[in-house]
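[1] with the sequence up front, the predicted model follows.
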Amino acid sequence: MTDVSPVDRTATLKRRFGLVSATSYIVGNIIGTGIFISPSIILEGVGSSFGLSILVWGLCGAFTYCAAMCYAEYGSRLKKSGGTYTYIREAFGDLGGFLFLWTDFAICRPLSMILSCLGSAEYLIGPFFLSCPQMAPTLSKSMLGFVICGVLVAANMYSVNLGAHLQNVMTVCKVTALFIIIFAGIVHIGKGHTENFSDPFQTTNLTPGGVALAFYAGLFAFTGWSIANTAVEEVHNPHRNIPLALFGGLAVPTVTYVLANVAYHAVLTNDEILSGIAVAYVFGERILGVLKWAVLACVALSAAGIANANVFLSSRTYFVGGRDGLFPRFLSMINIQRRTPQPSIIVLFVVSTIYMCLGDIKTVLGAYAFCKAGGECAAIAGMFVIRRKHPDNGNTYKVYWWIPFIYIVFFLLLSATAIAFEPWKYIPSFFVILTGVPLYCMSRSRRWQQGHLATINSKWITHLFHRLLLCQHASENIE
């Protein structure tokens, strides 16, 4: 038998994603609960104006493209996983990287995870309560959401390829559901039903705070576009495939969102759209007939696809943070057979389970989008620092300077408006973020690094994961 060289035993992430899989993850991570939750929030925020709501959807897509072009350069310039975390740490040091990890760990990722799982549960339970959706038991939704979360966690722990295949299937389902909705809306318009489009820019009760929340709801619908950058080390030929995947992966949701909202407004009145977050329920009842059952099932899978992508994205972020020493190092362990970061996936599952007790998180949608977009803005603000640290190598994709400038100005204006008019919704997020500063200082202290906590982190927990899951620390050498 031939001996295995030490290099073969090195624990590293493997490059298993091509252009199709990377694009599928982006499309699948974007299209999901957002298009079925955000329409009513955006419409309410812009004063029930159809024209302004479509404008908000288009502008959110355009500003997201500006951010994606910056990340396309990052993906071709830095061959290191971690996405936004990696770029913030490269530009602003360990403290900036830790604050992003802490915000993502404490606010963004668990909320996004449970929102998608509960959204999936809503559309699975909803068909049994179509005549009175408000009567669906909240506890049942939470329990079903927990089961969905557990199944997706188990699949991603078992195999990267299994998670990718699930994502491909869920992407097809969600695109199919939206295609049926868009097609039905176009047919409805073709029959001459255009009365809902009369006077599209007439508004009622338009406020700056409402407009800010509308933009945050739109940005939430586009959340997840940076997932390929989070796993650069697992993408083949990243300097080519990352930019192409970002551009292709954003084109599909942008066009789909605009057309879907046109279809919604063609069939439903403003009052029907504003009646609740489950706009697909009302749409299916009004026009789809028997097809409503297929659409509701596809919508449930669509939301589950967001959860699946969240498991993939978050575990890689925590994995890189543990490998860099900013988070507990056991998070950088991977299964030596499956080559999946199982400890970080388990941690995400535990935190999300705790948040699952909240049940309804619509009220924190603005805070989630505020923190998520804030991290991406901070990463983009460090572009010129990263350019000096990592010069062009001949294959680097490079954007014009005014593209990151546009996105940063947009985010600062949006944030200032939101905080000025509705501070109680967004200021608490700052306190959560600021708690990361003393945590970072504590993690740098000698007591943390050499005391009992260090022993628990480096020996006991590491030994536990090694024995139970056959995990070991990943190599710091990147393929």
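    That came in fine, so what should we check first?

[2] would you quantify the distance from Lys425 to Ser142?
    Using Cβ to Cβ, to the nearest Å, one gets 24 Å for the distance from Lys425 to Ser142. Glycine gets a C-beta too; all of them are placed from N, C-alpha and C.

[3] I'd assumed Ser415 was in contact with Ile427.
    No. Ile427 lies out of contact with Ser415 (Cβ atoms under 8 Å); the separation is 11.1 Å.

[4] so for those two, which sits in the more crowded spot?
    When Ile427 and Ser415 are compared on other Cβ atoms under 10 Å, the one with more neighbours turns out to be Ser415, at 17 against 12.

[5] okay, the helix or strand where the more buried one lies in CSV with CA atoms only?
    Under the assignment given by DSSP states H and E, the secondary-structure element containing Ser415 is helix 402-421. The C-alpha trace of helix 402-421 is given here as CSV (Å, rounded to 0.1, in the frame of the first residue of the first chain):
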residue,chain,number,x,y,z
TRP,A,402,-17.0,56.2,-8.3
ILE,A,403,-18.8,52.8,-8.0
PRO,A,404,-17.9,52.3,-4.3
PHE,A,405,-18.4,56.0,-3.7
ILE,A,406,-22.0,55.8,-4.9
TYR,A,407,-22.8,52.9,-2.6
ILE,A,408,-21.2,54.4,0.5
VAL,A,409,-23.0,57.8,0.0
PHE,A,410,-26.3,55.9,-0.5
PHE,A,411,-25.9,53.9,2.7
LEU,A,412,-24.8,56.9,4.8
LEU,A,413,-27.8,59.0,3.6
LEU,A,414,-30.2,56.0,4.2
SER,A,415,-28.8,55.4,7.7
ALA,A,416,-28.9,59.1,8.7
THR,A,417,-32.6,59.3,7.6
ALA,A,418,-33.6,56.1,9.4
ILE,A,419,-31.9,57.0,12.6
ALA,A,420,-33.1,60.6,12.6
PHE,A,421,-36.8,59.7,12.1
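
[6] who does it touch, helix- and strand-wise?
    Secondary structure elements in contact with helix 402-421, counted by 3 or more Cβ pairs under 8 Å, 6 or more residues apart in numbering; DSSP states H and E, are helix 50-77, helix 208-221, helix 365-381, helix 423-434.

[7] go again with 6 Å.
    helix 50-77, helix 208-221, helix 365-381 (3 or more Cβ pairs under 6 Å, 6 or more residues apart in numbering; DSSP states H and E).

[8] Leu288 and Val282, how far apart?
    Using Cβ to Cβ, Leu288 is found at 11 Å from Val282.

[9] ugh, wrong one, I meant Leu55
    Looking at Leu55 against Val282, where the rule is Cβ to Cβ, the gap reads 23 Å.

[10] do Pro208 as well
    Look at Pro208 and Val282: by Cβ to Cβ, they are 29 Å apart.

[11] could you do Gly82 as well?
    In this structure, Gly82 and Val282 are separated by 41 Å, where distance is defined by Cβ to Cβ.

[12] pick out whichever of those two has more residues nearby.
    Set side by side, Gly82 and Val282 show unequal neighbour counts under other Cβ under 10 Å, the larger going to Gly82 at 27 against 19.
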